[in-house]
Structure formats: C-alpha cells, structure tokens
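K.L.:
Based on what follows, work out the 3D shape:
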Amino acid sequence: MAWLNFARPFLSAVIILPFVVLFQPKVLKPTKKDLFDYAVIGLLLAFAIYGFNSAVLLAPVAVVMFVGGISPLLVFVLSYLFLSEKATWQELLAAIIVLIGLAIMNPFEPTISAGFFMALLSFLFYSAVIVYIRKEEKGHGVGMVFWFLLFASVFLFPFALLSEPSNSHYSWGVMACVGLLNALAYVLQCFALRYINADAYAVINNIIGPLTALLFGTVFLSQVLLPNQLIGGAVILSSLYFLRKDFSA
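P.N.:
The predicted model follows:
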C-alpha cells in the first residue's frame, strides 16, 4: 500500500509533465512563495491520498465515496474559519441533511467503522486543499496540479522506502494504470473547470463518484451494501440539491 500511495501522485505527475511543458512552461519556474504553497498543498494531498487508499481497504468503495458527500460541509466550515466566508441557509440545510445521512449509515458498524473514519480524515484533508488553493488564489491549471502531485509524492516516498515492493499486493503495472487514470482525471478536471464553475463541478463529482463506485464495487469486487448504507448514501446525495448553482462558468 505504501508504494501505491507514492506511485499514484508520482506517476500522475510524470504523465502530466508533457502537458505542462507544452501548454504552461512558465509554471516550471515558480517563485519561492509558489514553491512553499505547492509544498503545503502537496503535504495535505499526501495525507488525503494515504487516508483514502487506507479507507477503501477497510470499507466498501461506495461507502467511502458516499462519505465524500461531507466534503462541501467541510469546505464551508474551513472557509468560515480561514476565509471568513459565511454559509447560506441552503448550505446549512445541506449540512444537516449530510449529517443525517451519515448517521443513518451508522459509522460505528464494526464492518465499516475503521474505513468510515479514515474516509472522513481523507476528505477533511482534501477539503483543506481546496480551501488553501482558494486562500492563496491558486488556479486550476495543469501546471499547478503537477506541482501538487510532485510534492505529495516527495512526502510519501519515505514511507514507500520502508515497505518492500515484493510484499505489495500491487504490481508495477497496476500502479502505472492507477497513475495514468489519476493523471487523466486531473487533466479532465482542469479542462472542465474552464467551462463550468467549481460549485457545479463539485455537485457533479459528488453524484457521479458514489454512483460509479457503487456500480464498480458491486460488479468487480462483489461488495454489497447494507440497506441503511444505501439509504444513508441516498440522503447524502439529496443534499446536493441545495448546493446546486448556476452551471455557467
């Protein structure tokens, strides 16, 4: 797992690098302030990656993705604390609905509790990444993503060294595929954010992600969710109705 944690951002950064050279070469000469910000974001991203990969080993993938529905709530809280942004009544109502959904899923269920709380920590760090980017007014370009991933891999590499690759359940081929898919997702995200705003993207991501995880988890991993987990996940998804924004950029 330690090698997968490292390989995911590192191979993604390597794959993204040609796009950076072609379209955003100036980003390869960052200022000291930019490097500091990239390092902070990379550290937060490293914690998020470690937490997420650990969570999917401890709970069904769909449960982990449903927990991701709490991300908007976490972003609101962190934005209030660090950006002095006030939440609207729609956001507060959505937050209450998310908490109800999480309660229905019963996070203290022994079969999912460890994965559930690892997922919470993971999405907390992901939310911190979003808020930090907004605070420092960083963009969504491929060049920025390259630096985030590169620093994340630097922070995760020492843990990979402590783990023997031969003892890993994941071949280098699998890790390369994960890196490729991860890089593709980041590149598509950057292009998507040119045409729709971040709020619209978050809503789409928080709907498609859990549903896709539910499909693939059932078909390929034979993971079957309990009725309360499905109901709780549906309640969490319903909260996105109150977070919808104008989909114009």
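K.L.:
Could you tell me which residues within stretch 107-123 count as buried?
P.N.:
Judged by neighbour count (16 or more other C-beta atoms under 10 Å), stretch 107-123 contains these buried residues: 107, 112, 115, 116, 117, 118, 119, 120, 121, 122, 123. No exception for glycine: its C-beta is placed from N, CA and C like everyone else's.
K.L.:
pretty sure the fifth one is in contact with residue 108, am I right?
P.N.:
Just to be clear, that refers to residue 117. No - under the criterion of C-beta atoms under 8 Å, residue 117 is not in contact with residue 108, lying 9.5 Å apart.
K.L.:
Could you identify the helix or strand that succeeds the one helix or strand in the chain whose mean pLDDT sits lowest?
P.N.:
Lowest by mean pLDDT, DSSP states H and E among the helices and strands of the chain is helix 198-220, with a mean of 68. Counting by DSSP states H and E, the element after helix 198-220 in chain order, helix or strand, is helix 227-238.
K.L.:
just checking, what packs against that next one?
P.N.:
The contact analysis (3 or more C-beta pairs under 8 Å, 6 or more residues apart in numbering; DSSP states H and E) places helix 227-238 against helix 61-67, helix 89-105, helix 198-220.
K.L.:
Quick check: residue 69 vs residue 235, distance?
P.N.:
Applying C-beta to C-beta, to the nearest Å, one obtains 9 Å for the distance of residue 69 from residue 235.
K.L.:
in the protein, which spans are helices?
P.N.:
2-23, 32-58, 61-67, 71-82, 89-105, 113-135, 142-161, 172-192, 198-220, 227-238 (DSSP state H).
K.L.:
tell me which residues in the second one are buried?
P.N.:
Neighbour counts using 16+ other C-beta under 10 Å place 37-56, 58 of helix 32-58 among the buried residues.
K.L.:
Could you dump the helices and strands packed on helix 227-238 into CSV with mean neighbour count and distance to residue 19 added?
P.N.:
Below are the helices and strands packed on helix 227-238 laid out as CSV (neighbours: other C-beta atoms under 10 Å; distance: least, C-beta to C-beta, whole Å):
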stretch, mean neighbour count, distance to residue 19
helix 61-67, 28, 27
helix 89-105, 17, 34
helix 198-220, 16, 19
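K.L.:
As a markdown table, the ones you listed with distance to residue 187 would be great.
P.N.:
Formatted as a markdown table, the entries for those read as follows, by distance: least, C-beta to C-beta, whole Å:
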| stretch | distance to residue 187 |
| --- | --- |
| helix 61-67 | 21 |
| helix 89-105 | 29 |
| helix 198-220 | 14 |
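K.L.:
Out of the ones you listed, which gets nearest to residue 12?
P.N.:
helix 198-220 (17.3 Å; C-beta to C-beta).
K.L.:
Apart from its neighbours in sequence, what residue is nearest residue 66?
P.N.:
For residue 66, the nearest residue in space outside its immediate sequence neighbours is residue 233; the separation is 3.7 Å by C-beta to C-beta, 6 or more residues apart in numbering.
K.L.:
you'd agree the one you found is up against residue 105?
P.N.:
Yes - with contacts defined as C-beta under 8 Å, residue 233 counts as touching residue 105 at a distance of 6.9 Å.
K.L.:
intersection of neighbour lists for the two?
P.N.:
63, 66 (C-beta atoms under 8 Å, 6 or more residues apart in numbering).
K.L.:
among the helices and strands packed on helix 227-238, which is nearest residue 127?
P.N.:
Residue 127 lies closest to helix 198-220 among the helices and strands packed on helix 227-238, at 10.5 Å (C-beta to C-beta).
K.L.:
ends of stretch 215-228, how far apart?
P.N.:
17 Å (C-alpha to C-alpha, to the nearest Å).
K.L.:
now that stretch, how far from the chain's geometric center?
P.N.:
21 Å (C-alpha atoms, centre = their mean, to the nearest Å).
K.L.:
repeat for stretch 143-163
P.N.:
The chain centroid and the centroid of stretch 143-163 are separated by 15 Å under C-alpha atoms, centre = their mean.
K.L.:
Perfect, I'm done here.
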